[in-house]
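Enquirer: Sequence unavailable; structure follows:
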């Protein structure tokens, strides 16, 4: 039996996941209230329905032990980002990390702080290979 692969979240689901990662966990009300800052037109029932779908898909887990159900992410933010980048790398860049990085850096100008972090990461990777 093959392990169940967590599906790729939609844009709306990713917005909810970012909110839950920020909160740690939350009720529908807490998640909705936090989302209102960026998406003032999002409805409470929309958030509730998306959380129900996300629970079925295995993107979040629901704690039903309290009157107000509490939702938490099934995977960490880093784990989800890694999975999404791997998927993008395979689908759009034929597995080439170089092509992905070059495209990312040519699409939006990186700040000096971001470039310093990239250099530091490259130095660390090179040090591990030596």
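Expert: Arrived safely. Not measured: the values here are computed from a predicted model.
Enquirer: Mind jotting down where the strands sit in the chain?
Expert: Listed in chain order, the strands found in the chain under DSSP state E are 26-27, 60-63, 70-73.
Enquirer: My guess is residue 17 contacts residue 81. True?
Expert: No. Residue 17 is beyond contact range of residue 81, at 10.2 Å (criterion: CB atoms under 8 Å). From N, CA and C alone the C-beta is placed, and that goes for glycine too.
Enquirer: Neighbour count: these two, which is higher?
Expert: residue 17 (20 against 11; other CB atoms under 10 Å).
Enquirer: Enumerate every residue touching the more buried one.
Expert: 9, 54, 59-60, 73, 77, 80 (CB atoms under 8 Å, 6 or more residues apart in numbering).
Enquirer: follow-up on the earlier one: list residues touching both of residue 17 and residue 81?
Expert: Common neighbours of residue 17 and residue 81 (CB under 8 Å, 6+ apart) do not exist.
Enquirer: Give me the residues contacting stretch 110-124.
Expert: Counting by CB under 8 Å, 6+ apart, no residue sits against stretch 110-124.
Enquirer: try it again with 10 Å
Expert: The contact list for stretch 110-124 (CB atoms under 10 Å, 6 or more residues apart in numbering) reads 101, 104-105, 108-109.
Enquirer: Check the offset of it from the chain's centre.
Expert: 22 Å (CA atoms, centre = their mean, to the nearest Å).
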